[in-house]
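A.B. asks: I would like to see how this sequence folds:
(chains A and B)
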There are 2 protein chains.
Amino acid sequence: MTPTFIGLIAGLLTSIASLPQVVKTWRSRHAHDLSIWQPLLLSFGVALWLIYGMLIGDTPLILANITPLVCNLLLTAMKIKFSGNDNTHNEEAPV
Amino acid sequence: MTPTFIGLIAGLLTSIASLPQVVKTWRSRHAHDLSIWQPLLLSFGVALWLIYGMLIGDTPLILANITPLVCNLLLTAMKIKFSGNDNTHNEEAPV
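C.D. replies: All right, here's what the predicted structure looks like:
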């Protein structure tokens, strides 16, 4: 295996890694166990990687960060939206 | 802001992004809402980035992936370990 091949597999795996979490959270409508900081920090981080890729004209860097940006923005939004669905977890009575 | 500065901030944010999730999951002992695939795919992905960084001799790439590797291995392990703590979510009676 060449370093380039290893890098491509690495990029593919980290690109698609958040997709299963998006699907699970969307289906379950529950995000209590998720920290909002992970998708929030990743949204900012990968947005900056995207900007960095555009500034230095690095197409693979741009492409590798599009899916994570969309996934982490969706996860941040779902964490906020579904926070009312978590009453079974805390001390409040279900409403 | 220079591209290098933007890249450094991007690297910093994506490096530390999983730390709050590790802390939250460790404290709550609950991982029901977490998809095991996200930390699992990220563990493999950042391990390959680390190997790629070592093969091409890129120190920033190596350093940027150490924290995410540790965090995502911990999250994968906690997802497995704490799966028995989630009886309030499913149809089984709490044991």
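
A.B. asks: Could you show which parts of chain A are in contact with chain B?
C.D. replies: By Cβ under 8 Å from any Cβ of the partner chain, the residues of chain A that approach chain B are A:3, A:6-7, A:9-14, A:16-18, A:20-21, A:23-25, A:28, A:30-35, A:37-38, A:41-42, A:44-46, A:48-49, A:51-52, A:55-56, A:88-89. For the C-beta atoms, the positions are set from N, CA and C on the backbone; glycine is no exception.

A.B. asks: Go again with 7 Å.
C.D. replies: Counting by Cβ under 7 Å from any Cβ of the partner chain, chain A comes close to chain B at A:3, A:6-7, A:9-10, A:13-14, A:16-18, A:20-21, A:24-25, A:28, A:30-35, A:37-38, A:41-42, A:44-46, A:48-49, A:51-52, A:55-56, A:88.

A.B. asks: In helices, which of those residues fall?
C.D. replies: A:3, A:6-7, A:9-10, A:13-14, A:16, A:20-21, A:24-25, A:28, A:37-38, A:41-42, A:44-46, A:48-49, A:51-52, A:55 (DSSP state H).

A.B. asks: Need the buried ones from those selected in PyMOL.
C.D. replies: To isolate the buried ones among those in PyMOL, judged by 16 or more other Cβ atoms under 10 Å in any protein chain shown, type:
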select buried, chain A and resi 6+7+9+10+13+14+16+20+21+24+25+28+37+38+41+42+44+45+46+48+49+51+52
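
A.B. asks: ok, residues contacting the host helix or strand of A:K79?
C.D. replies: If you go by DSSP states H and E, A:K79 is part of helix A:59-81. The list of residues contacting helix A:59-81 from outside it, by Cβ atoms under 7 Å, 6 or more residues apart in numbering or on different chains, reads A:11, A:15-16, A:18-19, A:21-22, A:25-26, A:31, A:34, A:36, A:39-40, A:42-43, A:46-47, A:49-50, A:52-54.

A.B. asks: Give me the residue ranges of chain A where confidence is low.
C.D. replies: Along chain A, the parts satisfying pLDDT under 70 run over A:86-95.

A.B. asks: Quick test: name the residue nearest the centre of it.
C.D. replies: By Cα atoms, centre = their mean, chain A has its centre lying nearest to A:N72, at 2.8 Å.
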